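Student: any chance you can model this:
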Amino acid sequence: MAGTIITRFKPSRSYGWLWVAGLTALIAVSAFPLLRPDLVPDDERIAVWIGLAIMVPLLAYMLTTLASLPAMRYDVTTDEVVLSCGPLVRYRIPYVSVEDVRRTTLTPTLWSSMRMPGLALGSVLYADVGKVRMCATRMSRDILLITAGGRRYGLTPADEAAFIAALSPMMRAHPIST
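Tutor: Below is the predicted model of the structure:
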């Protein structure tokens, strides 16, 4: 259970939602013919059901992601930092487990869960640091990287200086290096 929220921070501005909206539209357009059974020959009906079984959950995930982006935030509480993005992402980082905080540029790999220009959500694999739990509006450049409990968390507060100023008093035992 999180402590009392001291300060809430928004992520830096991004147009990553355009990528998500574009991909959502592409998925919706490609799924549309599957909804017209009169256009599909009888011997290909099973393909329509397989296509729908893939497209509908994917479309639901993309719409949920798109709807969640305005809710992305970083809360500095009395006990922990909470990174969240709607119902998709919620990371709790207790101050006692924080080992390091630094600004860095990460080297992306081809493998990730949700990473594109202007957006990185979930566990993303990076070539230089391994898996990072991202809740950020950038995928690699100027990421505030928190190492805690053997895990790494990436975020992109709009006002990084104010975020660090709010976090610093909570981090008495571990100085922040940016």
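Student: how far away is the closest residue to Pro157 other than its chain neighbours from Arg102?
Tutor: Spatial nearest neighbour of Pro157, chain neighbours left out: Phe163 (3.9 Å); criterion: Cβ to Cβ, 6 or more residues apart in numbering. Glycine gets a C-beta too; all of them are placed from N, C-alpha and C. With distances taken as Cβ to Cβ, to the nearest Å, Phe163 is found 13 Å from Arg102.
Student: what does Ser68 give?
Tutor: For Ser68 relative to Arg102 (Cβ to Cβ), the value is 27 Å.
Student: so for the two, which sits in the more crowded spot?
Tutor: A direct count of neighbours by other Cβ atoms under 10 Å for Ser68 and Arg102 places Ser68 higher, at 17 against 12.
Student: secondary structure element for that one?
Tutor: Following DSSP states H and E, one finds Ser68 within helix 45-68.
Student: okay, the closest residue to Arg138 other than its chain neighbours: pLDDT?
Tutor: Of all residues not flanking Arg138 in the chain, Thr156 sits nearest, at 5.1 Å (Cβ to Cβ, 6+ apart). If you check Thr156, the pLDDT there is 96.
Student: and Thr156, its phi and psi?
Tutor: Backbone torsions for Thr156, taken as degrees, to the nearest 10, come to phi -140, psi 70.
Student: and the helix or strand following the helix holding Ser68, how far out from the chain's middle?
Tutor: Downstream of helix 45-68, the first helix or strand assigned by DSSP H and E is strand 73-77. Centroid separation for strand 73-77 versus its chain: 15 Å, with Cα atoms, centre = their mean, to the nearest Å.
Student: again with stretch 137-147
Tutor: 11 Å.
Student: and the end-to-end length of it?
Tutor: 19 Å (Cα to Cα, to the nearest Å).
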